[in-house]
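S.K.: Dropping the sequence and predicted coords here.
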Amino acid sequence: MAIIDEAVKKIDDWQGKKISIHPLSGGLTNTNYKIEVDGKPYFVRVPGASTDLLAIDRNNEYHNTKAASQAGVAPQVLYHLPEYNVMVIEFINGKTMSKDSLNEKGMPTRMAHAIKKLNQGPRFLLDFNMFRLTEYYLSLCSERAIKIPDGYTERMKTVKRIEQAMNVKPLATVPCNNDLLAENYIDDGQQLWLIDYEYSGNNDPTFELGNTCQEMQFSNSQIEEVCKAYFGEIKENMIARMKLNMIMSDVGWGLWAAIQASISTIDFDFWGWATERWGRAVEKMDSDEFAKWLEEVTK
């Protein structure tokens, strides 16, 4: 019996009711379902194979999803089945966003406001640090002989320079989703909801901002709009932190994609994504602006 069928049978409140299970497309790590119970919709997430290798802590995810719900930016967790690492979550009736829809006028400001609301909410269980996660992913690739794009290990000296520069004047950590792809925003017409807290943790807020700007491939003016909406003004040192974290987004999640290319059963071109992200990271590290960003974050 599939995990989703076993999980459904474990929820006492649903027994004796009419249940229909509908797989949802779009998950890159897990399998997602819309379940209707006597016509009422629920969202259910079932973890993918070997996702523990990706450094996902399911207890952390559960705790942080509840905290984000308390902050008013994530749907409520209605049932939790830890034996299956399954959560049943309130179904949000809204539009799952795309890169195109989040590039529309005014969206960078709405995104920044939603992120700030999360960042000002209850502390999360664990911390998140992309520098440490990158080291872990590299060691995993080495241990398992997982193919990575050319030049990764040679560029780790540059990654170290980024970390050293950003640590000169570190920001206080706040609760962050850390993985705000376009599809992790849902617009119900009133607000943007932030979903999927697998990689959530307390982190530098400029990683959250830079990461999502990178996912949307925002222009400089859009990045400035995010900065102004979040910080109240365009601050050059915060822009620089966001730009450096855009690099780290591609460095870390590029390795994630390389690992997924090796272990995932999901039909997706993870290797193509890994090489695309690494190419963007290298381009930025080799840019004329890179040295300026390193200097700016120390001010």
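M.R.: Nice, I can see it.

S.K.: Tell me the secondary structure at the spatially closest residue to residue 63 that is not a sequence neighbour.
M.R.: Of all residues not flanking residue 63 in the chain, residue 125 sits nearest, at 4.1 Å (Cβ to Cβ, 6 or more residues apart in numbering). C-beta here means a position set from N, CA and C on the backbone, and glycine is covered the same way. State at residue 125, reduced to three classes by DSSP: H, G, I helix; E, B strand; the rest coil: coil.

S.K.: What is the neighbour count of residue 125?
M.R.: Residue 125 is flanked by 17 other residues according to other Cβ atoms under 10 Å.

S.K.: Likewise for the one 4 residues further on?
M.R.: Number of residues near residue 129 (other Cβ under 10 Å) recorded here: 18.

S.K.: related to what we said a few turns ago, in contact with the residue nearest to residue 63: list those residues for me.
M.R.: By Cβ atoms under 8 Å, 6 or more residues apart in numbering, the residues touching residue 125 are 59, 60, 63, 64, 67, 201.

S.K.: Which among the residues you listed count as buried?
M.R.: With burial judged by 16 or more other Cβ atoms under 10 Å, the buried subset of those is 60, 63, 64, 67, 201.

S.K.: Which of these fall in helices?
M.R.: Of the buried ones among the contacts of residue 125, the ones assigned to helices by DSSP state H are 60, 63, 64, 67.

S.K.: How much space separates the last one from residue 74?
M.R.: In this case it means residue 67. 8 Å (Cβ to Cβ, to the nearest Å).

S.K.: Equivalent analysis for residue 166, please.
M.R.: 27 Å.

S.K.: Can you pull the phi/psi pair for the residue nearest the centre of the chain?
M.R.: By Cα atoms, centre = their mean, the mean C-alpha position of the chain lies nearest to residue 179, the distance being 0.8 Å. The phi/psi pair for residue 179 (degrees, to the nearest 10) reads phi -150, psi 50.

S.K.: Surely it is in contact with residue 201?
M.R.: No: the pair residue 179 and residue 201 does not pass the contact test of Cβ atoms under 8 Å, sitting 10.4 Å apart.

S.K.: rewinding a little: can I get the buried ones among the contacts of residue 125 in a markdown table with distance to residue 269 and pLDDT?
M.R.: Below are the buried ones among the contacts of residue 125 laid out as a markdown table (distance: Cβ to Cβ, whole Å; pLDDT from 0 to 100):
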| residue | distance to residue 269 | pLDDT |
| --- | --- | --- |
| 60 | 29 | 95 |
| 63 | 33 | 97 |
| 64 | 29 | 98 |
| 67 | 34 | 98 |
| 201 | 28 | 98 |
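
S.K.: which residues of this structure fall in helices?
M.R.: Under DSSP H, the chain gives helices at 3-10, 58-70, 99-102, 107-119, 130-143, 156-166, 205-216, 220-231, 236-263, 270-285, 290-296.

S.K.: List the contacts of the third one.
M.R.: Meaning helix 99-102. Contacts for helix 99-102 (Cβ under 8 Å, 6+ apart): 95, 107, 108, 111, 182, 185, 187, 215, 216, 217.

S.K.: go again using 10 Å as the cut-off
M.R.: 95, 107-108, 110-111, 180-183, 185, 187, 192, 212, 215-218, 222 (Cβ atoms under 10 Å, 6 or more residues apart in numbering).

S.K.: what number of residues lie near residue 211?
M.R.: 27.

S.K.: In contact with residue 202, which residues?
M.R.: 64, 119, 123-129, 172-176, 178.

S.K.: which residues does it bridge with?
M.R.: Going by DSSP bridges, residue 202 is paired in beta bridges with residue 127, residue 175.

S.K.: In this structure residue 208 contacts residue 184, no?
M.R.: No: the pair residue 208 / residue 184 is not scored as a contact, 11.6 Å apart, by Cβ atoms under 10 Å.

S.K.: neighbour-wise, which of the two wins?
M.R.: residue 208 (29 against 18).

S.K.: separation between the nearest residue to residue 11 once chain neighbours are set aside and residue 20?
M.R.: Of all residues not flanking residue 11 in the chain, residue 79 sits nearest, at 5.5 Å (Cβ to Cβ, 6+ apart). According to Cβ to Cβ, residue 79 and residue 20 sit 17 Å apart.

S.K.: what about residue 285, how many neighbours?
M.R.: 17.

S.K.: now swap in the one 5 residues further on and tell me
M.R.: Using other Cβ under 10 Å as the criterion, residue 290 is surrounded by 18 other residues.
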